[in-house]
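K.L.:
Can you look at this prediction? I've put the sequence above it.
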Amino acid sequence: MNAAALTVTDMHTGGEPLRIVTGGYPPIPSGTILEKRAYVREHLDHLRKILIFEPRGHYDMYGALLVEPNLPGADLAVLFMHNEGYSTMCGHAVIALGRYAIDQGLVPAREPVTTVNIECPCGMVTASVEVKDGKTGAVSFESVPAFLFARDLQIELPSHGLVTYDIAYGGAFYALADCRQFGLEFGRSRARDFVDAATAVTERVKRDVALTHPDHDDLAFLYGTILTDGKDVFSDEPACNVCVFAQAEVDRSPTGSGVTARLAAMHAKGQIGLDQTRTFESIVGSRFSGSVARAAKAGGRDAIIARVGGRAYYSGKAEFVVEADDELGRGFLVT
């Protein structure tokens, strides 16, 4: 067997898994969070495959590797992992890590709310964790400035015709499109059909649109496509969406960075105001709250700081090993 076993704590937020690495990784060299991300991608990617891929994970597994913080004031820093590689922001993971940090004593608990500053590849994200009688509960977070990058763009897709979409940034870039353009309806259409439609948009936008970010070129890539129910104008009625990201991975939660991006687009279009709270529902029925906390700037762009909230739960712990002659044990995916 390999010299070091990999140990993990598993959680989920709104049904979306999070596998938190608790042991087995070698030390990560010091540097910025993006430098750490690059190092892990280039030198330790075999460990991601062991943890995320089958036979220990699955196509839609998601992971978090805690690393030494670099930003002043950060309580912890994290690298996010999925089926394609390493993302720049993950709201469902931040919600889970807020609870985890307090429960594991990484941050002292303070009632009624404990603040946990989490350094992510996109920047500092502040989680607010409810604490009552020593127990952690719901978590909300404020992420980096989010903004509408482009609106009302159009593409011609062979299987769907003319499709209108926006591009927005919420710690990662997403294309946003109304699912009704594809003949889809939440609660009626198959998940597979949402995946196929979103993937078609992602592939075309990656080909046609050059993205830029004011902070770093490493942040300027399209992470995926969010198909919405089109109910963007503020209402008390929940708004549905599904995020298909990385290599056609389906988020079971409403997607924290995706809700942030959607809020940025809605606010830029005058569809939601400051301090208005909207409920966002995922493809499995789990819900996040989302609101525009305040206006901001991202370089020269008008932006917002969004507040997104949800609940995370523990689901287990494990220790993983790979025997020396087990080639499949090093990770595979059936696509």
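P.N.:
Here it is on my side, so go on.
K.L.:
What segments of this protein are helices?
P.N.:
Applying DSSP state H to the chain gives helices spanning 33-43, 45-52, 91-103, 191-208, 256-268.
K.L.:
what angle do the second one and helix 33-43 make?
P.N.:
For helix 45-52 against helix 33-43, the angle by axes from the mean of the first three to the mean of the last three CA atoms, to 10 degrees is 90 degrees.
K.L.:
how about JSON lines for the helices of the chain, with mean neighbour count and mean pLDDT added?
P.N.:
For every residue, glycine as well, the C-beta is placed using N, CA and C. Below are these laid out as JSON lines (neighbours: other CB atoms under 10 Å; pLDDT from 0 to 100):
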{"stretch": "helix 33-43", "mean neighbour count": "17", "mean pLDDT": "97"}
{"stretch": "helix 45-52", "mean neighbour count": "19", "mean pLDDT": "98"}
{"stretch": "helix 91-103", "mean neighbour count": "28", "mean pLDDT": "98"}
{"stretch": "helix 191-208", "mean neighbour count": "17", "mean pLDDT": "97"}
{"stretch": "helix 256-268", "mean neighbour count": "30", "mean pLDDT": "98"}
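K.L.:
so can I have JSON lines of these showing distance to Pro72?
P.N.:
Shown next, in JSON lines, are the helices of the chain (distance: least, CB to CB, whole Å):
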{"stretch": "helix 33-43", "distance to Pro72": "13"}
{"stretch": "helix 45-52", "distance to Pro72": "28"}
{"stretch": "helix 91-103", "distance to Pro72": "17"}
{"stretch": "helix 191-208", "distance to Pro72": "35"}
{"stretch": "helix 256-268", "distance to Pro72": "23"}
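K.L.:
nearest to Pro145, of these?
P.N.:
Nearest to Pro145, of all the helices of the chain, is helix 256-268, at 8.6 Å by CB to CB.
K.L.:
Just want the most central residue of the protein.
P.N.:
Nearest to the geometric centre of the chain sits Cys90, at 2.6 Å (CA atoms, centre = their mean).
K.L.:
Just give the closest residue to that one, not the sequence neighbours.
P.N.:
Phe80 (4.5 Å; CB to CB, 6 or more residues apart in numbering).
K.L.:
So the one you found is in contact with Gly91, correct?
P.N.:
No - contact between Phe80 and Gly91 fails when scored by CB atoms under 8 Å: they sit 10.4 Å apart.
K.L.:
So in terms of bridging, what pairs with Ala64?
P.N.:
Judged by DSSP bridges, the bridge partners of Ala64 are Ile20, Phe80.
K.L.:
Next up, the contacts around it.
P.N.:
By CB atoms under 8 Å, 6 or more residues apart in numbering, the contact list for Ala64 reads Leu18, Arg19, Ile20, Val21, Val78, Leu79, Phe80, Met81, Cys90, Ala93, Ala96, Leu97.
K.L.:
got it, and Asp193?
P.N.:
Neighbour list for Asp193: Phe182, Leu184 [criterion: CB under 8 Å, 6+ apart].
K.L.:
for Phe182, same thing?
P.N.:
His160, Val163, Asp193, Ala197, Leu227.
K.L.:
Closest one of those residues to Leu71?
P.N.:
Using CB to CB, Leu227 is the member of the contacts of Phe182 that lies nearest Leu71, at 33.7 Å.
K.L.:
So in terms of bridging, what pairs with the closest one?
P.N.:
On the basis of DSSP bridges, Leu227 is bridged to Ala177, Val242.
K.L.:
That one is in contact with Cys179, isn't it?
P.N.:
Yes - judged on CB under 8 Å, Leu227 makes contact with Cys179 at a distance of 4.1 Å.
K.L.:
Show me which of these two is the more surrounded one.
P.N.:
Shown here are Leu227 and Cys179; by other CB atoms under 10 Å, Leu227 has more neighbours (29 against 22).
K.L.:
returning to what we had before: please report how far the residue nearest to the centre of the chain lies from Val334.
P.N.:
The gap separating Cys90 from Val334 is 24 Å, by CB to CB, to the nearest Å.
K.L.:
that older thread, export the contacts of Ala64 as JSON lines, with columns for distance to Gly105.
P.N.:
Output for the contacts of Ala64, formatted as JSON lines (distance: CB to CB, whole Å):
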{"residue": "Leu18", "distance to Gly105": "19"}
{"residue": "Arg19", "distance to Gly105": "20"}
{"residue": "Ile20", "distance to Gly105": "15"}
{"residue": "Val21", "distance to Gly105": "17"}
{"residue": "Val78", "distance to Gly105": "17"}
{"residue": "Leu79", "distance to Gly105": "21"}
{"residue": "Phe80", "distance to Gly105": "23"}
{"residue": "Met81", "distance to Gly105": "24"}
{"residue": "Cys90", "distance to Gly105": "23"}
{"residue": "Ala93", "distance to Gly105": "19"}
{"residue": "Ala96", "distance to Gly105": "16"}
{"residue": "Leu97", "distance to Gly105": "14"}
